[in-house]
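Participant: structure for the following, please:
(2 chains)
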Amino acid sequence: MSSPHDVVITGIGLVSSLGEGPDAHWQKLTQPGFQPVLDAARFAPYTIHPLPEIDWNLQIAKRGDQRQMETWQRLGTYAAGLALDDAGIKGNDELCTTMDMVVAAGGGERDEAVDAAILAASESRNDRDVLLNEKLTTELRPTLFLAQLSNLLAGNISIVHKVTGSSRTFMGEEGAGVAAVETAAARIRSGQSTHVLVGGAFQTEHSDMLLGYELAGYLHRGPWKPVWQRQGAEGGGVVTGSGGAFLVLEQREHAKNRGRKIYAELGPVVSGRARRRQGELNSEIAALLKQAQLPDGDLLTISAASGAHAATAAEKAVLDANPALAARAFSTLTGHMKEAQFPFAVALAALAVDRKAPYPVFDATVERPFEGAPNSVLATAIGYHQFEGLGLVKAA
Amino acid sequence: MANLRDHMGRPIVAVTGIGVVTSLGVGKADNWAALTSGKSGIHPITRFPVDQLNTRISGMVDFLPSSSKGASHLTYELAETAAQEAVSEAGLDSGDFGGPLFLASPPVELDWADRFSLYNSDKQEAGAERLLRVARGLKELDVFETTQFGSIADRLADRFGTRGLPITLSTACASGATAIQLGVEAIRRGECDKALSIGADGSATAEALIRFSLLSALSTHNDIPEKASKPFSKDRDGFVLAEGSGALVLESLEAALARGATILGIMRGCGEKADDFHRTRSKPDGSPAIAAVRAALADAGLSEDEIDYVNAHGTSTPENDKMEHLSLSTVFGERIGSMPISSNKSMIGHTLSAAGAVEAAFSLMTMRESVIPPTINYDNPDPAIVLDVVPNKKRNAEVGTVLSNSFGFGGQNTCLVMAREPV
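Facilitator: Below is the predicted model:
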């Protein structure tokens, strides 16, 4: 039974190595045997999924705005613009000024050249704190700070796209993406918001972004493999990708009143924090599946599994124990996009519901075929290190 | 019997525990004594050398065991210390809190001390390649954890037994207020009957100081540190970077009364509005700040003449104080000249991600103690800003309602309305 306060998805903005926009992603992801776009050379021994060619001008009209950002913020602002366009909200002052926003963010890019110079100089200096002051006061670009601040992705979305109802930034890897979607949906269901922009972006083509994983040895090394097949391979199992995913979530009544196309309904979104060192992850994922009120029968499951060995093994074990779930680990084809993982999973789930067709297997050795039109699709995001969440997307 | 629902039919949210740490000390008692005696916590920087720096003063918290251990460790300890005080005061089990956690904390980065130590533990290759190679050989997760945005909240969730996925958030200088707003909203939606909201910031590193300096945001009045933060004064020249934490235990009034908890105050309303003008400057007409104040009043169900006191954002930057005056005088009209408005930042500096929570804590104490902390260093009033800033000396006054403002870089504005008593 639909209700006026249901949460529906009316806009999708996607960017990854596969291209931009829902159509490009649908076309590539539904090609059986589609091969990922990889760059194994630039950050060897790590493989990454690079950004596609993007004409920033299409979503960030002012060069001055573009110059104030580094790639991460541009990417997020661009993906947000795609979602707003898709929902017919971009350029509509009334809808933009009343629109709430929850962005899932990490940090922006540091100046690698300045850092490298400081590190090099540190080899021959003992007064490293003084060295820092010398170099940072003279070599940092003043505006770079703003390009690094987590909340300035949302700030730039406000400036460029005029979304100003409210602005919140959640931090914390995949969990931030889960909480952003969960909070946005809760606001709509309770009548606090009528339409919310929610999503995130990740720019992996920067050594610090790789370092964030590799300080715990999470990155996969050696030849590329699909997400499910990295156990036991060299490294920690994560192959990263640049990309972003933004959604326009809207109250059903609000979307209907303005005559918008509805991709899908967003059903229950649930989240958790397993104490993984105490071995709770498998039971936590199983508990979340119970809370998500899954329908009977086969269920297409868009998994944001990262490939990180322990988390991916736990997710796989729980999926295997639930034979109705037919998993598709999209990071096999896009790479891991950190804060954007869950919004991306929800977007792909909504596309399958909208187009009444499943995705073919992304990894024929592990994933099983799914036949027929999916009426509901599950989206999962089990963090590579911490935090978990699920969401159920249903036919509108 | 008090009403348990507000003017919009939502559960009323009470505060049953308060904790605070600033450069003035640990805990409410020490902070309140210092704050009401007009004492400043601003002092010369000793944590790192100040060679080459234009600003050599701050409100750093230098007296905790983690004060020299880097931003992530200090932010955790600040958060934990304030939360422990709040949860204890609320009379709740500090290992099994049983409600969600909302943490406002600074964005994290690998500390320079760790960068240097990783880099110099090896000689092969250079730059990022060397760091990555050393990183993948590490056997401990300690350094990794300091670079994960969710780790501080994860540790706090373990420590206090909070429920579910903890939310770590940043709305720049409005973060602390946003953490409280998220807790209030979760209770109002009926998702929980209590929440732990914390704002904590221990990120006053050399690099942070230099970054703010390069944006010309910081005071350079180094000679008499305690005089540097002078909100609403004519010679104000920037904010003073500071650290601290504030924590509130929020509970539905119904749940709090049912367990016989002491009600320390009521979170009446929250309002926000984003600015689309500029990354560091606010819209010249002040409309976003005005809208945020009005949204908070509307959410609280109070009219302009029902606010007794304003706990100002009052950063002491030329831009903020001018804009805050403009927006307050637009909302409150002629009454603004006779309403008490003071800035805690005159004494504790700008605690950034913590500020909204620290100042909410002080706002609640202002009502409970019937004492308004002063705006110190108000020796040279800005003639363009005619406000009753409670200059230099505390004032005894009955305060039933407070508006607390938080306006952030990146255009995120959040206002909170608090009351002493339930309706």
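
Participant: neighbours around B:Lys407, how many?
Facilitator: Actually, residue B:407 is Phe. It isn't Lys. Using other C-beta atoms under 10 Å in any protein chain shown, B:Phe407 has 28 neighbouring residues. The way it works is simple: take the backbone N, C-alpha and C, and place the C-beta from them, glycine included.

Participant: pLDDT weak spots in chain B?
Facilitator: Within chain B, the segments meeting pLDDT under 70 span B:1.

Participant: make it 80
Facilitator: Applying pLDDT under 80 to chain B picks out residues B:1-2, B:409-410, B:423.

Participant: kindly report the same for the stretch 201-350 of chain A.
Facilitator: For the stretch 201-350 of chain A, no stretch has pLDDT under 80.

Participant: mind jotting down where the strands sit in it?
Facilitator: A:240-241, A:243-251, A:264-272, A:299-303, A:325-329 (DSSP state E, counting those that start in this stretch).

Participant: got it, and the stretch 51-200 of chain A?
Facilitator: Using DSSP E, counting those that start in this stretch, the strands of the stretch 51-200 of chain A run over residues A:100-105, A:166-171, A:195-202.

Participant: among these, which is nearest chain B?
Facilitator: strand A:166-171 (3.8 Å; C-beta to the nearest C-beta).

Participant: other SSEs contacting the closest one?
Facilitator: Other helices and strands packing on strand A:166-171, by 3 or more C-beta pairs under 8 Å, 6 or more residues apart in numbering or on different chains; DSSP states H and E, are strand A:100-105, helix A:152-161, helix A:173-189, strand B:167-169, strand B:265-274.

Participant: now the ones you listed in TSV, with distance to A:Glu134?
Facilitator: Shown next, in TSV, are the helices and strands packed on strand A:166-171 (distance: least, C-beta to C-beta, whole Å):
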stretch	distance to A:Glu134
strand A:100-105	31
helix A:152-161	27
helix A:173-189	34
strand B:167-169	33
strand B:265-274	38
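
Participant: looking at the ones you listed, which one is packed in the most?
Facilitator: Most buried of these, by mean neighbour count (mean count of other C-beta atoms under 10 Å in any protein chain shown): strand B:167-169, with a mean of 31.

Participant: just give me the residue closest to the centre of the chain.
Facilitator: Just going to use chain A. Residue closest to the mean C-alpha point of chain A, counted by C-alpha atoms, centre = their mean, is A:Ala340 at 1.3 Å.

Participant: please go with chain B instead
Facilitator: Nearest to the mean C-alpha position of chain B, counting by C-alpha atoms, centre = their mean, stands B:Ala355 at 1.7 Å.

Participant: show me what counts as buried in the helix or strand where it lies.
Facilitator: B:Ala355 belongs to helix B:355-369 when assigned by DSSP states H and E. Buried residues in helix B:355-369, counted by 16 or more other C-beta atoms under 10 Å in any protein chain shown: B:355-368.

Participant: tell me the one of the residues you listed nearest chain A?
Facilitator: Nearest to chain A among the buried residues of helix B:355-369, with distances taken as C-beta to the nearest C-beta, is B:Gly356, at 12.7 Å.

Participant: and the closest one, what does it touch?
Facilitator: B:Gly356 is in contact with B:104, B:173-180, B:199, B:246, B:404, B:406, B:414, B:416, counting by C-beta atoms under 8 Å, 6 or more residues apart in numbering or on different chains.

Participant: so which of those residues are also by chain A?
Facilitator: Within the set of the contacts of B:Gly356, contact with chain A (C-beta under 8 Å from any C-beta of the partner chain) is found for B:175, B:178.

Participant: out of the contacts of B:Gly356, which are inside helices?
Facilitator: Using DSSP state H, the subset of the contacts of B:Gly356 located in helices is B:175-180.

Participant: let me have the residues you listed in a markdown table, adding distance to A:Ser306 and neighbour count as columns.
Facilitator: As requested, those are arranged in a markdown table below (distance: C-beta to C-beta, whole Å; neighbours: other C-beta atoms under 10 Å in any protein chain shown):
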| residue | distance to A:Ser306 | neighbour count |
| --- | --- | --- |
| B:Ser175 | 28 | 32 |
| B:Gly176 | 32 | 38 |
| B:Ala177 | 33 | 34 |
| B:Thr178 | 28 | 33 |
| B:Ala179 | 28 | 35 |
| B:Ile180 | 33 | 33 |
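
Participant: closest one to A:Val198 out of those, please.
Facilitator: Nearest to A:Val198 out of the ones in helices among the contacts of B:Gly356 is B:Thr178 (C-beta to C-beta; 15.6 Å).

Participant: pretty sure the closest one sits against B:Leu103.
Facilitator: No - with contact defined as C-beta atoms under 8 Å, B:Thr178 does not count as touching B:Leu103 (10.5 Å).

Participant: identify the contacts common to the two.
Facilitator: Common neighbours of B:Thr178 and B:Leu103 (C-beta under 8 Å, 6+ apart) are B:Leu169.

Participant: three-state assignment of the residue of chain B positioned farthest from its centre?
Facilitator: What lies farthest from the middle of chain B is B:Gln124; by C-alpha atoms, centre = their mean that is 43.8 Å. For B:Gln124, the secondary structure call by DSSP: H, G, I helix; E, B strand; the rest coil comes out as coil.

Participant: look up how far B:Pro231 lies from it.
Facilitator: 52 Å (C-beta to C-beta, to the nearest Å).

Participant: what do you get for B:Met60?
Facilitator: B:Met60 sits 19 Å away from B:Pro231, going by C-beta to C-beta.

Participant: go on, B:Ser151?
Facilitator: Counting by C-beta to C-beta, the gap between B:Ser151 and B:Pro231 amounts to 34 Å.

Participant: who has more neighbours out of those two?
Facilitator: B:Pro231 (29 against 22).

Participant: the more buried one reaches B:Asn311, doesn't it?
Facilitator: No - with contact defined as C-beta under 8 Å, B:Pro231 and B:Asn311 do not form a contacting pair (11.6 Å).

Participant: common neighbours of the two, please.
Facilitator: The contact sets of B:Pro231 and B:Asn311 overlap at B:Ser343 (C-beta under 8 Å, 6+ apart).

Participant: interface residues of the stretch 201-350 of chain A facing chain B?
Facilitator: Counting by C-beta under 8 Å from any C-beta, the residues of the stretch 201-350 of chain A near chain B are A:207-208, A:210-212, A:214-217, A:219, A:235, A:271-273, A:275.

Participant: can I take it that B:Glu251 is in a strand?
Facilitator: Yes - under three-state DSSP, B:Glu251 falls within a strand.
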